[in-house]
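**Student:** below are the sequence and a predicted model for it; my questions follow.
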Amino acid sequence: MACMHGSHDSLTSKIRSGAHERVASEASSPRAGEPRAVVFLDVDGVLCCNSEARLEAAPLRQLRRICDTTGAQVVLSSDWRRNATLSRRIAASLEETGVGLIGETPQMEAVGHGQRARPREIAHWLSWPPRSWKESVSWVVLDDRDLLAEEGGVFLRGRHVRTFFRTGLTAELADRAIATLLHGPAESGPGSRNGGAVGTTGSPRRSVASLQSLLRRSGSRRRLSSSASEAGPSQSGAAAAEQGAVPQQGTRAPPGGERR
């Protein structure tokens with residue numbers, strides 16, 4: 001603790017002395033324990049390609065390869081985080097696989113005509129303090145939903161690697177995620193990674209600024225739940241996903257083809 005206070009005092013001293021550029025560089029660099037890369041992880045259609053909520057070995061190996069290659073850790077963005085049983089299951093599986101889980105995105109209510117909130121949830125996580133290292137961290141989203149078509153999804157362009165429910169996270173898609181984390185988003189157009197789904201270029205800092213702009217625009221429409229345990233439906237089934245029913249713990253995953 002004393003070491004952390006000393007580091008903070010040192011940075012403050014440099015700011016006061018006018019060494020702004022150097023301080024900004026140091027403040028935006030990940031400290032020990034802070035990831036240099038983040039994977040926002042959906043589960044159904046990425047690691048789970050069945051109707052039994054069973055996590056599959058092959059996609060888990062590909063996720064481990066992404067994290068080993070890039071130093072990334074996982075932030076859970078899947079609706080599995082809304083159900084205590086499923087949340088514990090994915091956490092235990094990631095730990096067993098050797099993948100670091102550092103948190104989850106906030107649980108936000110849908111807005112307007114049932115618009116889903118996942119892009120805004122990711123934006124909110126990136127905007128939460130401490131923001132300094134998040135502005136320089138590399139990140140990618142693994143999800144089988146068409147997030148670019150959801151509210152705010154345009155800000156994920158170039159960082160969304162879309163999977164398919166029947167096949168999940170394959171070696172090819174894992175390679176695209178690795179390339180995005182190590183080299184940044186590719187230009188859109190013919191020959192771009194992920195068939196164009198990985199598109200817009202830009203620095204992590206600029207991407208975070210764009211996502212924060214999205215949050216400001218959503219303004220009064222955005223309502224965070226009062227606590228993680230009370231926020232939003234669990235969506236552990238096709239009916240729950242579409243009708244907002246809250247299943248009990250242990251509810252099975254949706255039948256094949258349904259995406260969360």
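**Tutor:** That came through, no problem.
**Student:** any idea how many residues pack against E56?
**Tutor:** Using other CB atoms under 10 Å, E56 is surrounded by 15 other residues. Backbone N, C-alpha and C define where each C-beta goes, glycine included.
**Student:** to clarify, my last question referred to I90.
**Tutor:** I90 - counted by other CB under 10 Å - has 23 other residues nearby.
**Student:** against A84, how distant is it?
**Tutor:** Distance, I90 to A84, using CB to CB, to the nearest Å: 11 Å.
**Student:** next one: A179
**Tutor:** Counting by CB to CB, the gap from A179 to A84 is 35 Å.
**Student:** looking at the two, which is more packed in?
**Tutor:** Comparing A179 with A84 by other CB under 10 Å, the one with more neighbours is A179, at 18 against 14.
**Student:** buried residues in the helix or strand harbouring the more buried one?
**Tutor:** Using DSSP states H and E, A179 maps to helix 171-183. By neighbour count on 16 or more other CB atoms under 10 Å, the buried set for helix 171-183 is 173-181.
**Student:** in TSV, list the residues you listed along with distance to W133.
**Tutor:** Shown next, in TSV, are the buried residues of helix 171-183 (distance: CB to CB, whole Å):
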residue	distance to W133
L173	26
A174	24
D175	26
R176	24
A177	20
I178	21
A179	22
T180	18
L181	15
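**Student:** which ones are touching V75?
**Tutor:** Going by CB atoms under 8 Å, 6 or more residues apart in numbering, V75 touches 38-41, 101-105, 125.
**Student:** so which residues of this structure form helices?
**Tutor:** Counting by DSSP state H, the segments of the chain that form helices are 2-17, 20-28, 57-70, 84-97, 118-127, 171-183, 204-218, 238-243.
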